[in-house]
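[1] Quick one, what's the 3D model for this:
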Amino acid sequence: MESLSREEKSWMLYDWGHSAYSIIISTAVFPLFYKAAAESAGVSGAHSTAYLGYTIAISTFILALLGPILGTIADYQGFKKAFFAGFSFLGIVATALLTFIPNGEWQLLLVCYTFIAIGSAGSNVFYDAFLVDVTEEGRMNKVSARGFALGYIGSTIPFIISIALILLSQQDVLPLSVTAASQIAFMITAVWWGVFTLPMLKNVRQRHYIPREPRIVASSFKRLAGTFKEIKRHRSIFLFLLAYFFYIDGVGTIITMSTAYGTDLGIESTDLLIILFVTQVVAAPFAVIYGRLADRFSGKTMLYVGICVYIVVCVYAYFMKSAFDFWVLAMLVATSQGGIQALSRAYFAKMVPKQSANRFFGFYNIFDKFASVLGPLLVGLTAQLTGQTSMGVFSLVILFLIGIAILARVPEQQSLQAGPPNADGSSQKAAGGLG
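    Numbers count the residues shown, from 1 in each chain. Sure thing, here's the model as predicted:
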């Protein structure tokens, strides 16, 4: 097996650390902690859910606006790692601060969560764009997939510790309240995230960049405006982003709403946490498998496979009646959620000019973030009109069918060639005036 370079390993280790946020803060522990805090303050379930939704929407909107702007600035020499470090630090510190928020202060929890979400998503814009710096184009499928796989494995360690603390405190085995156990889980997440960010900061450098010039901010806005034209002109990039918008919306909606859907089926919170843990474990090897199969059959073919699996998930969800059915559904999701995200990232990285990767990944982030609006809205409206949550999930088939239809129109993958390299190996400018 071909060995990984130090930069590739360091890049992948960030996923190992950051994924603790994804499972503990975004999916499992924080939502339950917040709901309990809001309830203790006399806020009804419907209202507290709405406030959490507003918070997610606000942080999403902020990142959608900042992503392309900061990404364009980060294409200049020396800015990429600085922005990555800044957003990572914001997310890590805000996560640690959750530990010290008094019980019942649900508004402070939402403020903190806003900064955590901005830090997490913001760092990911530059983390994803660093893929073009840490590896060669022919290895992107493998490295991207292994990054997701390590993320799934790494997140299970702090997740197990956190869930053990919470369950043991519930059973009075530990002299801790559930609130205190949850707060310790938040600190564990912050430390885990922070420690495994260090190799990335130490060993990874920006190899592809645009040399600095006077009035960087003004020039960045001009280049940003030019990117709209470039995306329109390069049909393959435009169509891929459009396809990605629809199918990743379906993927994200299923991930973020799975806990609520399981609750509607009457599944206990403890069982849901166990299912989420097993899903993480199963997803890790499948992410690697997707990467290997993509090298053999092409990334686009495996994206088709992943989308089809999600269509099956939506259809199966319509007939779901029991906890066993939810287990089956979770395992189906586990087979493809990492693979489809990893290959999308690698597919896009191969298409864009390397020295302008931040700028293009800023737009990739826009499509990713705004895609998290349509799916939940579709599920909510369908469920409300029909009175069945299962119909809401089934309605997501529409998004996957649109995504696969547009993806089929994406021309064969080709990258935008960069201009001649600098003395240190970095590119000077992209063809077609992208520099």
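[2] The helix or strand hosting residue 14 - what's its average pLDDT?
    Assessed by DSSP states H and E, residue 14 sits inside helix 6-20. On average, the pLDDT along helix 6-20 is 93.
[3] Surely residue 265 and residue 322 touch.
    Yes: the criterion here is Cβ atoms under 8 Å, and residue 265 meets it with residue 322 at 7.4 Å. Bear in mind the C-beta positions are built from the backbone N, C-alpha and C, glycine included.
[4] separation between residue 120 and residue 272?
    22 Å (Cβ to Cβ, to the nearest Å).
[5] neighbours around residue 341, how many?
    23 (other Cβ atoms under 10 Å).
[6] in what helix or strand does it lie?
    If you go by DSSP H and E, residue 341 is part of helix 323-351.
[7] Who has more neighbours out of residue 265 and residue 322?
    When residue 265 and residue 322 are compared on other Cβ under 10 Å, the one with more neighbours turns out to be residue 265, at 15 against 11.
[8] what's the nearest residue to the more buried one if we skip its chain neighbours?
    residue 326 (6.1 Å; Cβ to Cβ, 6 or more residues apart in numbering).
[9] Next one: that neighbour from residue 317, what distance?
    9 Å.
[10] Mind listing what's buried along stretch 329-342?
    Residues of stretch 329-342 classed as buried: 329-330, 332-342 (neighbour count, 16 or more other Cβ atoms under 10 Å).
[11] can I get these in a markdown table with pLDDT and distance to residue 20?
    Formatted as a markdown table, those follow (pLDDT from 0 to 100; distance: Cβ to Cβ, whole Å):
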| residue | pLDDT | distance to residue 20 |
| --- | --- | --- |
| 329 | 88 | 24 |
| 330 | 89 | 19 |
| 332 | 92 | 24 |
| 333 | 91 | 20 |
| 334 | 90 | 18 |
| 335 | 92 | 22 |
| 336 | 91 | 22 |
| 337 | 87 | 17 |
| 338 | 87 | 15 |
| 339 | 89 | 21 |
| 340 | 93 | 21 |
| 341 | 88 | 17 |
| 342 | 89 | 18 |
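[12] Okay, angle between the helix or strand residue 156 falls within and helix 6-20 too, please.
    Here residue 156, judged by DSSP H and E, is contained in helix 140-170. Helix 140-170 runs at 30 degrees relative to helix 6-20, counting by axes from the mean of the first three to the mean of the last three Cα atoms, to 10 degrees.
[13] Show residues contacting the helix or strand following helix 140-170.
    The helix or strand immediately downstream of helix 140-170 is helix 178-195, counting by DSSP H and E. Under the criterion Cβ atoms under 8 Å, 6 or more residues apart in numbering, residues 17-18, 20-21, 24-25, 29-30, 32-33, 36, 88, 91-93, 95-96, 98-100, 103, 154, 157-158, 161-162, 165-166, 168-170, 174, 176 lie in contact with helix 178-195.
[14] what residues are shared contacts of residue 326 and residue 317?
    With Cβ under 8 Å, 6+ apart as the test, residue 326 and residue 317 both reach residue 261.
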